[in-house]
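Visitor: After the sequence you'll find the predicted model.
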Amino acid sequence: MLGKSYGEIAAESRSQHKSQGFGVPASRGESFESFKTTGGTEPVNDLMDDVDLSWKRVYGGETIEKKVNDLITSFDLSHPEKSVEGLVDLYKALHTMQDGYWKNQKLKEVNELVGQCSGLFIDITTAEQFAVQTDSIRINFSVNNRLGVDATLEKIIINGFDSSFSQALAKNKNLNFFKTIYVPSSKPITQPYWLVNKMEEGSFNVNDQLAIGQPDIDPAYDARIQIKIDGESFVFNKRVKYKFTDPVKGEIYEPVVVTPPVTVKPSINLAVIYGQKAALLDVNVKAYKNISLPDLALYSSLTSEQMQSAGHGSFNKNQERTFPAIISKKENSSIVKFYIGHPNDSYFKNKHEVKYDHIPDINYFTDATVKSLNLELKTVNKKIGYIIGAGDKVPVALDQMGYEVTLLTDKELSRNNLQQFDAIISGVRAYNTNEWLGKYYDKLMKYVKDGGNYIVQYNTINFISNVKSKIGPYDFTIGRKRVSDEHAAVKFLKPEHSVLNFPNKITPDDFKGWVQERSVYHASNWDKKFETIFSMNDPGEKPDEGSLIIAKHGKGYFTYTGLVFFRELPAGVSGAYRLLANIIALNKKKAF
């Protein structure tokens with residue numbers, strides 16, 4: 001029916017796993033799979049031998065089966081409306097069956113077939129993406145009986161709007177009308193079901209287990225449309241969608257999002273504070289309706305003190321304002337929650353968006369929070385040259401640690417004297433994503449030999465991309481070994497090594513609180529000139545020493561590490577900051 005093999009269909013599916021680069025070629029022609037009988041009667045001709053898939057399984061099903069077969073035989077692909085009368089008759093017959101799963105399931109399926117074969121177009125949309133609490137939203141209804149079946153609109157129910165009709169639907173004529181409804185403050189904001197409850201460690205907390213596997217979020221508004229077709233009433237459930245016209249893509253449908261009247265967005269997720277410093281940040285406030293806030297002040301839940309005030313404030317719809325805020329040194333580690341208005345009567349949600357062409361837009365909300373990390377940290381060396389990798393937030397963390405960071409691209413590496421940098425760091429998968437990086441091997445090695453400090457974070461060796469160039473001064477390969485248990489014990493192989501002692505004393509406590517994993521893509525087959533620092537492993541696996549290897553080369557140092565600094569630094573893991581500071585200090589140029 002589709003003109004495609006199972007291999008082609010499977011390839012299309014797997015190739016949608018875009019974030020991991022899982023595109024695969026399609027396979028055609030016959031292929032074989034082997035099966036072994038583990039219980040029951042062994043099949044002879046077909047895997048489904050002795051499995052009854054007919055209506056005989058259901059009491060009184062023979063009559064239903066005949067009606068189904070007649071419909072299949074007489075179906076006209078060019079004129080599906082000719083099947084409507086038979087489908088309505090089948091629908092009535094199903095109602096005479098005993099109650100049970102199959103009756104309910106088949107009534108639902110036939111209901112859908114009636115709507116499809118009738119050619120009914122039912123469109124329930126808004127011109128606004130956001131349904132704002134304490135505001136109103138206009139919902140537009142459009143119904144078209146495109147194939148001219150005997151159809152009458154009887155009822156529409158949506159969010160308290162319950163209206164009866166007796167409107168015959170003429171062939172291919174649009175029936176358009178609208179209804180404006182109020183969005184109360186009690187209307188739940190739109191949230192994917194897996195984010196409604198607080199996340200457990202390592203997994204989402206979903207109360208409704210039947211929701212798991214559903215790719216879409218629960219709709220903000222559902223509509224029930226009752227239409228009489230050939231004398232029988234059918235109910236069609238439709239999600240209210242936001243419809244707009246993109247000048248390039250044309251007509252687009254996206255989910256409607258229930259949002260609070262005001263959202264609050266801090267400019268950073270993590271405030272790193274050490275020494276006598278305080279963290280400076282901006283807080284963006286956006287209004288989704290015309291609103292007057294009698295107390296336009298910013299409060300922090302850490303102190304419940306007013307952080308900034310602008311007196312009375314009026315916002316126009318979609319207007320944004322930015323306020324400065326300061327997080328001072330209060331506690332060792334805290335979550336600061338920001339409010340606009342007094343905490344007892346305020347707005348404190350931050351809205352996030354996920355947008356890709358191949359899935360519906362996802363909007364979700366979190367509390368407007370910033371993690372405050374009061375860090376005990378000593379640093380040596382100041383100027384860092386950073387070669388950006390993929391999805392890399394490490395430079396932001398380096399800046400928060402007080403380093404002076406210069407981003408190095410192809411052009412900067414070509415023109416700059418590298419000796420100005422106390423350390424150079426390549427970002428995660430930098431050698432995978434920057435094909436030009438390999439041509440600077442000689443220049444980078446000379447930088448190390450003359451006293452520099454080159455730190456390479458993990459790269460990958462897989463079917464997506466390989467590292468084609470040499471990376472370090474001595475041979476090693478990048479393996480597939482990783483330690484995915486974030487609680488895995490870390491054994492210190494060389495407790496006396498400077499990377500564990502200067503300028504910060506590294507202890508097992510620095511590996512507490514790590515998130516998601518310890519390390520990925522360890523080094524393997526390394527030259528004996530490399531020193532290994534840690535040994536670690538997942539439960540049931542052999543210890544591996546390739547998570548951090550260090551070599552002296554000339555006057556300087558080269559380091560390769562699979563330790564997941566790119567995860568731990570944005571998560572505010574203090575031990576990761578301290579260990580990275582020590583790696584940066586290996587050539588001990590100057591303190592600051």
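Guide: Perfect, thanks for sending it. Residues are numbered from 1 along each chain as shown.
Visitor: So Ala325 belongs to a strand, correct?
Guide: Yes - applying DSSP: H, G, I helix; E, B strand; the rest coil, one finds Ala325 inside a strand.
Visitor: Next, the contact list for it, please.
Guide: Each residue near Ala325 by C-beta atoms under 8 Å, 6 or more residues apart in numbering is listed here: 266, 280-283, 298, 300, 307-308, 338. Backbone N, C-alpha and C define where each C-beta goes, glycine included.
Visitor: One more: Asn269?
Guide: So Asn269 contacts 370-371, 570 (C-beta under 8 Å, 6+ apart).
Visitor: May I have the beta-bridge partners of the residue positioned nearest the centre of the chain?
Guide: Closest to where the C-alpha atoms of the chain average out (C-alpha atoms, centre = their mean) is Val354, at 6.9 Å. Judged by DSSP bridges, the bridge partners of Val354 are Ile362.
Visitor: what do you get for Asp162?
Guide: Taking DSSP bridges as the rule, Asp162 bridges to Ile157.
Visitor: Tell me which of the contacts of Asn269 fall in strands.
Guide: If you go by DSSP state E, the contacts of Asn269 have 370-371 in strands.
Visitor: Between the contacts of Asn269, which sits nearest Tyr440?
Guide: Pro570 (27.5 Å; C-beta to C-beta).
Visitor: per-residue pLDDT, the closest one?
Guide: Looking at Pro570, its pLDDT reads 94.
Visitor: That one reaches Val272, doesn't it?
Guide: No - judged on C-beta atoms under 8 Å, Pro570 makes no contact with Val272 at a distance of 10.6 Å.
Visitor: circling back: mind putting the contacts of Ala325 in CSV, secondary structure and pLDDT included?
Guide: Converted to CSV, these look like this (DSSP: H, G, I helix; E, B strand; the rest coil; pLDDT from 0 to 100):
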residue, secondary structure, pLDDT
Pro266, strand, 94
Leu280, strand, 86
Leu281, strand, 89
Asp282, strand, 91
Val283, strand, 90
Leu298, strand, 73
Ser300, strand, 75
Met307, strand, 67
Gln308, strand, 63
Phe338, strand, 86
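Visitor: Now, of those, which are buried?
Guide: Buried residues within those, counting neighbours by 16 or more other C-beta atoms under 10 Å: 266, 281, 283, 298, 300, 307, 338.
Visitor: pLDDT weak spots in this protein?
Guide: Filtered on pLDDT under 70, the chain yields the residue ranges 276, 294-296, 302-312, 329-333, 343, 462-466, 589-592.
Visitor: Please put the alpha-carbon coordinates of the top helix by length along it into PDB.
Guide: What stands out as the longest helix in the chain, according to DSSP state H, is helix 101-118. The C-alpha atoms that make up helix 101-118 are tabulated as PDB, following Å, rounded to 0.1, in the frame of the first residue of the first chain:
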ATOM      1  CA  TYR A 101     -12.800  -3.300  25.200                       C
ATOM      2  CA  TRP A 102     -13.300  -4.300  21.600                       C
ATOM      3  CA  LYS A 103     -16.700  -2.600  21.400                       C
ATOM      4  CA  ASN A 104     -15.300   0.700  22.600                       C
ATOM      5  CA  GLN A 105     -12.200   0.400  20.500                       C
ATOM      6  CA  LYS A 106     -14.000  -0.300  17.300                       C
ATOM      7  CA  LEU A 107     -16.700   2.400  17.900                       C
ATOM      8  CA  LYS A 108     -13.800   4.900  18.200                       C
ATOM      9  CA  GLU A 109     -12.200   3.600  15.000                       C
ATOM     10  CA  VAL A 110     -15.400   3.600  13.000                       C
ATOM     11  CA  ASN A 111     -16.300   7.100  14.300                       C
ATOM     12  CA  GLU A 112     -12.900   8.300  12.900                       C
ATOM     13  CA  LEU A 113     -13.500   6.500   9.600                       C
ATOM     14  CA  VAL A 114     -16.900   8.200   9.200                       C
ATOM     15  CA  GLY A 115     -15.400  11.600   9.600                       C
ATOM     16  CA  GLN A 116     -12.600  10.800   7.200                       C
ATOM     17  CA  CYS A 117     -14.700   9.300   4.500                       C
ATOM     18  CA  SER A 118     -17.300  12.100   4.800                       C
END
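Visitor: other SSEs contacting it?
Guide: Using 3 or more C-beta pairs under 8 Å, 6 or more residues apart in numbering; DSSP states H and E as the contact test, the elements touching helix 101-118 are helix 84-95, strand 232-239.
Visitor: May I have the first one exported as CSV, CA atoms only?
Guide: Think helix 84-95. Extracted C-alpha coordinates of helix 84-95, given in CSV (Å, rounded to 0.1, in the frame of the first residue of the first chain):
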residue,chain,number,x,y,z
VAL,A,84,-20.4,6.5,4.7
GLU,A,85,-23.8,4.9,4.6
GLY,A,86,-22.3,1.4,5.3
LEU,A,87,-20.0,2.8,8.0
VAL,A,88,-23.0,4.4,9.8
ASP,A,89,-24.8,1.0,9.6
LEU,A,90,-21.7,-0.7,11.0
TYR,A,91,-21.5,1.9,13.8
LYS,A,92,-25.1,1.1,14.8
ALA,A,93,-24.4,-2.7,14.7
LEU,A,94,-21.4,-2.2,17.0
HIS,A,95,-23.7,-0.5,19.6
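Visitor: List the contacts of that helix.
Guide: If you take C-beta under 8 Å, 6+ apart as the criterion, helix 84-95 is touched by 63-64, 67-68, 70-71, 74, 103, 106-107, 110-111, 113-114, 117-118, 149, 229-232, 234.
Visitor: check contacts around the residue lying farthest from the centre of the chain.
Guide: The outermost residue of the chain relative to its centre, with distances by C-alpha atoms, centre = their mean, is Thr63 at 48.9 Å. Shown in contact with Thr63 (C-beta under 8 Å, 6+ apart): Ala93.
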